[in-house]
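>>> no sequence on this one, just coordinates:
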């Protein structure tokens, strides 16, 4: 099919022998003519390079980009927020350079964690990620002073081991690094001068650590001195069985067990042993790092940013515009509306929305689902969101794979509220 010059008789005058038909300015059954013969036809136009047969359909000579709206809680929440509130206007991001979004949002979290320098007591740390590498353990050890001081303390004992420092100098430097923490004496218990060693003193009873930190400590090799009891410390001084009994009776957490293990492994009367102090600091560093990365707010922040990074890594490099607005789950519908209504006179309409919330079976989640659906229906924008396992009455999604009758999850009486919500018109947009 090609454009042709209309002919009143219905058959092209230049193509009578070919039996071509011209209808409405379009010719059918007419083969392409050589360029020379086309030029010879009186009034015939030269062939155009923008022939509609080889060009895609365009709006105003340009295809509109796909505009994606993203709503995610990328700043610390409530009491954990130690920085400024996020801006209320959407931010267009470069999927290849999220560091600029970090700079504009400036997330800053203030977290209380168990500290090995306070014998399991609480210490406040500040976490200010600058890019995606900030969530890596090596970057955390560089950026968080508590972790960095433990690394510096390890270097002090390495110099002691190499003979470039003595015990007194190491003790002064560790006391300065760790703010006169009792952990200094605990670590140096294995590197004392020659001579009788003092009996180890039981550490004060600190609060119990969280289960997550305890699970992480299970992966750390505590050495032969871990978990002392009255049976395996018979060769120690009289204070050792008392400390072990106190630990077992009071049910203290792994922070205390770790400190007790170090205390009972120290006090060697035969010269200095810096290698034991280095191992103690390495174990303390692993424990301290676990206390930070397992904090609920740290985990939530990391999940939100990694989810956004995953979306950006899968987005096409051209033809897509991603706009982000940081907002909590309860304010997600209003935040989505702000993105949709932003720059409507100069920007293409929003084609897709991604809202980083988890819809569960509770009434608040179902209400959030309904509000998001109303926004999507009102602006004809499909919305992608998450669903938690408890929406199907399970604690984790892996449990569903082990079920023989998966249909029973949808037929159960407890699924009636969300099945009712799913039948509403606005739910089709989520």
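Now that the structure is in, tell me what you want to look at. Computed from a predicted model, the values in this text were never measured in an experiment.
>>> residues contacting residue 370?
Neighbour list for residue 370: 421, 424, 426-427 [criterion: C-beta atoms under 8 Å, 6 or more residues apart in numbering]. All C-beta spots, glycine's among them, are computed from the backbone N, C-alpha and C.
>>> ok, of the residues you listed, which one's closest to residue 121?
Proximity to residue 121 was ranked across these by C-beta to C-beta; first place goes to residue 421, at 46.4 Å.
>>> so what secondary structure elements neighbour the helix or strand harbouring that closest one?
Here residue 421 sits within helix 416-422, counting by DSSP states H and E. Applying 3 or more C-beta pairs under 8 Å, 6 or more residues apart in numbering; DSSP states H and E, one finds that helix 416-422 contacts helix 363-379.
>>> residues in contact with the next helix-or-strand element following the helix it packs on?
Where DSSP H and E defines the elements, the next helix or strand beyond helix 363-379 is strand 383-387. Applying C-beta under 8 Å, 6+ apart, the contact partners of strand 383-387 are 336, 352-360, 369, 372-373, 375-376, 429-430.
>>> try it again with 6 Å
For strand 383-387, the external contacting residues (C-beta atoms under 6 Å, 6 or more residues apart in numbering) are 353-355, 357-359, 372, 376, 429-430.
>>> Can you pull the domain assignment for this structure?
As given by automatic domain parsing, the domain ranges for the chain are 2-40, 66-106+298-429, 145-293.
>>> For those, which has the smallest mean pLDDT value?
The minimum mean pLDDT among the domains of the chain belongs to domain 2-40 (a mean of 46).
>>> I'd like to know how many residues surround residue 101.
Residue 101 sits with 21 neighbouring residues when counted by other C-beta atoms under 10 Å.
>>> Next: the one 5 residues further on.
By other C-beta under 10 Å, 13 other residues sit near residue 106.
>>> Excluding chain neighbours, what is closest to it?
Excluding its sequence neighbours, the residue lying closest to residue 106 (C-beta to C-beta, 6 or more residues apart in numbering) is residue 83, at 5.3 Å.
>>> ok so, going back, filter the contacts of strand 383-387 down to just the ones in helices.
The helices, defined by DSSP state H, take in 372, 376 from the contacts of strand 383-387.
>>> May I ask which of the contacts of strand 383-387 has the most neighbours?
residue 353 (26 neighbours).
>>> Would you quantify the distance from that one to residue 339?
To residue 339, residue 353 is 8 Å away according to C-beta to C-beta, to the nearest Å.
>>> got it, and residue 421?
Distance, residue 421 to residue 339, by C-beta to C-beta: 24 Å.
>>> Of the two, which one has the most company?
Higher neighbour count among residue 421 and residue 339: residue 339, with 23 against 18, using other C-beta under 10 Å.
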